[in-house]
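Trainee: Sharing a sequence plus its predicted fold:
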Amino acid sequence: MNCELCQRVDSLGKSQYPFIIFEFKNSYLCLGEHQYYEGYCVLVTKNHFKEMSDIPSPAREEIFQELMLSSKAIQSVLSPKKMNLCSLGNVVEHLHWHLFPRKAEDPDFKNPPWLQMHKFSEKKTNLDQSESLILKIKNELLRMS
Ligand SMILES: [Zn+2]
């Protein structure tokens, strides 16, 4: 298995990945590797798909619903001015979405979050500091589902 995200899904299934927030039927929601934008999360599909258009129905509709629930839970916990949802996959060709809650006071609010990516490693996710945030988003998802 040489796909980075297939390996992550495998460790998520064995409860070996600490930043998990929620397991959906078709995907996992995890806190992102950095918190340059507080509440930055990643939704990863359990199965290896390269393109959204590759997902068969009804999983495609279910995954969209899982993405919407994830976004709503983050919104409800952090009240961002705007959510930025991105699915690119040029680096890792396993379908995933980046969910960035954006605050009005973000350094470069009107621009895509990637323009700050050289600074992301300054705020690497720390499990102790993130525990309560993970719990809040998880509880919100439990409440909604
Ligand atoms: Zn994969």
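Mentor: Thanks, I have the structure now.

Trainee: Which pLDDT value belongs to Glu23?
Mentor: We have a pLDDT of 97 for Glu23.

Trainee: neighbouring contacts of the lengthiest helix in the chain?
Mentor: Identified as the longest helix of the chain according to DSSP state H is helix 59-78. For helix 59-78, contacts defined as Cβ atoms under 8 Å, 6 or more residues apart in numbering pick out 22, 24-27, 29, 38-39, 41, 43, 45, 47, 52, 55, 80, 83, 85, 97, 99, 101, 133, 136-137, 140-141, 144-145. All C-beta spots, glycine's among them, are computed from the backbone N, C-alpha and C.

Trainee: Quick one: mean pLDDT over the helix or strand following that helix.
Mentor: Where DSSP states H and E defines the elements, the next helix or strand beyond helix 59-78 is strand 82-86. The average pLDDT within strand 82-86 is 98.

Trainee: hmm, back to that, for ChimeraX, write the select line for the buried members of the contacts of helix 59-78.
Mentor: Buried residues within the contacts of helix 59-78, by 16 or more other Cβ atoms under 10 Å, are selected in ChimeraX with:
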select :22,24,26,27,29,39,41,43,45,55,80,83,97,99,101,133,136,137,140,141
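
Trainee: Among the contacts of helix 59-78, which lie within strands?
Mentor: Members of the contacts of helix 59-78 lying in strands (criterion: DSSP state E): Phe22, Ser27, Leu29, Cys41, Leu43, Thr45, Met83, Leu85, Trp97, Leu99, Pro101.

Trainee: just the residues you listed now: which is nearest the ion?
Mentor: Lowest distance from the ion to the ones in strands among the contacts of helix 59-78 (Cβ to the ion) belongs to Thr45, with 8.4 Å.
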